[in-house]
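**Q** pasted the sequence and its predicted model underneath.
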Amino acid sequence: MRALDSIAPTLVTLAAVGIAAAALLAPVDAAAQPSKVKIGLMLPYTGTYAALGTAITNGFKLAIDENSGKLGGREIEYFTVDDESDPAKAPDNANKLVKRDQVDVLVGTVHSGVALAMAKIARDTNTLLIVPNAGADDITGSLCAANVFRSSFSNSQMGIAMGKVMAEQKKKTAVTLTWKYAAGDESVGGFKEAFEAAGGKVIKALSLPFPQVEFQPYLTAIAALKPDVVYAFFAGGGAVKFVKDYAAAGLNRTIPLVGPGFLTDGTLEAQGETAQGLLTTLHYGDGLDNPRNIAFRAAYVKAFKSEPDVYAVQGFDAAQLLIAGMNAVKGDLTKRAELVKAMEESKLDSPRGSFALTRSHNPIHDIYLRKVEGGQNKVIAVAVKNLTDPPRGCKL
Ligand code: BEZ
């Protein structure tokens, strides 16, 4: 017993020396950077877009989990800020993540006005930013930057697709209705551009401040104007209330309501019967029959006990984009140019179908025409194949 007691410390010392020597001899590997990758999630977790922020977070973390919980071989530390979809608070919120927490990558957000402020801070500080929803056209237009990517869409894309479809359906007059901010303005702008180019006429453009939901005066105006169709941009809690109010006013029996898919995505359970038959355009649909979507939906339901929506897909793809970049540099964030190049050149296997990015870092993807049937946004056609964005003043 005494002999063993006296030998044990010697063995421990030898083992320690051995480990230290091995560590000194081991090749220096960039992938083995000691610190965790810091990811700043700036998303809405309260307010009308709260569910969208949660779905994006879930989708992002699901893709990371499927990648062994790592980025380029490194562990991850998350920092989270609730941006409340409030543009006035956006600079402070983004700076909390960039300056106080010193995140390596910013991921956010849902609201275009907040995202525009984030993009400015990302440019000023050269922080890598991935936008997992907000469609503000300028982010991949005049404000484009090498360090700013988008895994979602640009606002005008859905309007362009629906304007084309409504003209094909021989509608002659339309009224547009939206929250008055970049997302709605650009969405109805795209609709007007495509609808009028094909011979239709937007006879009235109505709007109300974000995130107000007192729709009655607008419904009364629509009833009096009697257009062939109404194109409306709302999302999250506001979309639930609008679709219900439209039906309660009896308008769904006389004037077809259409919109970008945000009108019915992630909202169908709450909208119930009032959403039945609605046509929308979006880069995703619930029942898309590709292997990635089938696997994604099953994994999402298993992990979160709820059905995924387009926001979850965009969160998933934001992580996939980052994984492509981080794997290419084996987690070495100092190799920024290589990382950006790998992200630019990635062709993502997304639940929406595979897609590539424009030079200004916006997805080029199919825009589907969907119809609400039995609690699902069913894809009934491809409205526009491989829709891309004009450069809009982007100088990259
Ligand atoms: C936006 O602000 O860009 C936006 C918000 C919700 C759904 C779609 C777009």
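**A** Looks like it came in fine. Treat the numbers as computed from the prediction; the structure is a model and nothing was measured.
**Q** secondary structure element for Gln212?
**A** When secondary structure is defined by DSSP states H and E, Gln212 falls outside every helix and strand.
**Q** which residues touch it?
**A** Trp179 (CB atoms under 8 Å, 6 or more residues apart in numbering). From N, CA and C alone the C-beta is placed, and that goes for glycine too.
**Q** so what's it scoring on pLDDT?
**A** Model confidence at Gln212, given as pLDDT, is 98.
**Q** the residue of the stretch 151-300 of the chain found nearest the ligand: neighbour count?
**A** Nearest residue of the stretch 151-300 of the chain to the ligand: Ala183, at 3.3 Å (CB to the nearest ligand atom). Other residues lying near Ala183 total 27 when counted by other CB atoms under 10 Å.
**Q** tell me the phi and psi of the closest residue to it other than its chain neighbours?
**A** In space, Ala183 comes closest to Ser112 once its chain neighbours are excluded; the distance is 4.3 Å by CB to CB, 6 or more residues apart in numbering. Summarising the backbone geometry of Ser112 under the convention degrees, to the nearest 10, its torsions are phi -60, psi -40.
**Q** go ahead and confirm Ser112 touches Ala136.
**A** Yes: taking CB atoms under 8 Å as the definition, Ser112 is a contact partner of Ala136 at 3.8 Å.
**Q** ok, those two, which is more surrounded?
**A** Ser112 (27 against 24).
**Q** who does Arg150 bridge with?
**A** Using DSSP bridges, the beta-bridge partners of Arg150 come out as Val131.
**Q** now it: how far from Val202?
**A** Arg150 is 27 Å from Val202, where distance means CB to CB, to the nearest Å.
**Q** same deal with Gly237?
**A** 26 Å.
**Q** which parts of the stretch 1-150 of the chain are helices?
**A** With DSSP state H, counting those that start in this stretch, the ranges of helices along the stretch 1-150 of the chain come out as 2-25, 50-66, 90-95, 112-125.
**Q** how distant is the second one from the center of its chain?
**A** Helix 50-66 sits 10 Å away from the centroid of its parent chain (CA atoms, centre = their mean, to the nearest Å).
**Q** what are the buried residues along it?
**A** Neighbour counts over helix 50-66 (16 or more other CB atoms under 10 Å) mark 50-64, 66 as buried.
**Q** tell me the one of those nearest the ligand?
**A** Taking CB to the nearest ligand atom as the measure, Leu52 is the one of these closest to the ligand, at 6.2 Å.
**Q** list the residues that contact that closest one.
**A** With contacts taken as CB under 8 Å, 6+ apart, Leu52 has the following neighbours: 43-44, 110, 133, 235-236, 266, 311.
**Q** mind doing that once more with 7 Å?
**A** Listed by CB atoms under 7 Å, 6 or more residues apart in numbering, the contact set of Leu52 reads 44, 110, 133, 235-236, 266, 311.
**Q** about what we covered before: so which strand or helix has the residue of the stretch 151-300 of the chain closest to the ligand?
**A** Applying DSSP H and E as the criterion places Ala183 in helix 182-197.
**Q** the residue nearest to Leu116 when sequence neighbours are not counted: what's it in contact with?
**A** Closest residue to Leu116 in three dimensions, ignoring its sequence neighbours and counting by CB to CB, 6+ apart: Ala136, at 5.3 Å. For Ala136, the contact set (CB under 7 Å, 6+ apart) comprises 112, 115-116, 155, 182-183.
**Q** near the ligand, which residues of the stretch 251-396 of the chain?
**A** Where the stretch 251-396 of the chain comes near the ligand, counting by CB under 6 Å from any ligand atom, the residues are Phe262.
**Q** and with 8 Å instead?
**A** 260, 262, 311 (CB under 8 Å from any ligand atom).
**Q** would you list those residues in TSV and tack on secondary structure?
**A** Formatted as TSV, the entries for those read as follows, by DSSP: H, G, I helix; E, B strand; the rest coil:
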residue	secondary structure
Pro260	strand
Phe262	helix
Tyr311	helix
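**Q** show me how to select, in ChimeraX, the buried members of these.
**A** To isolate in ChimeraX the members of these that are buried, counting by 16+ other CB under 10 Å, one can use:
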select :260,262,311
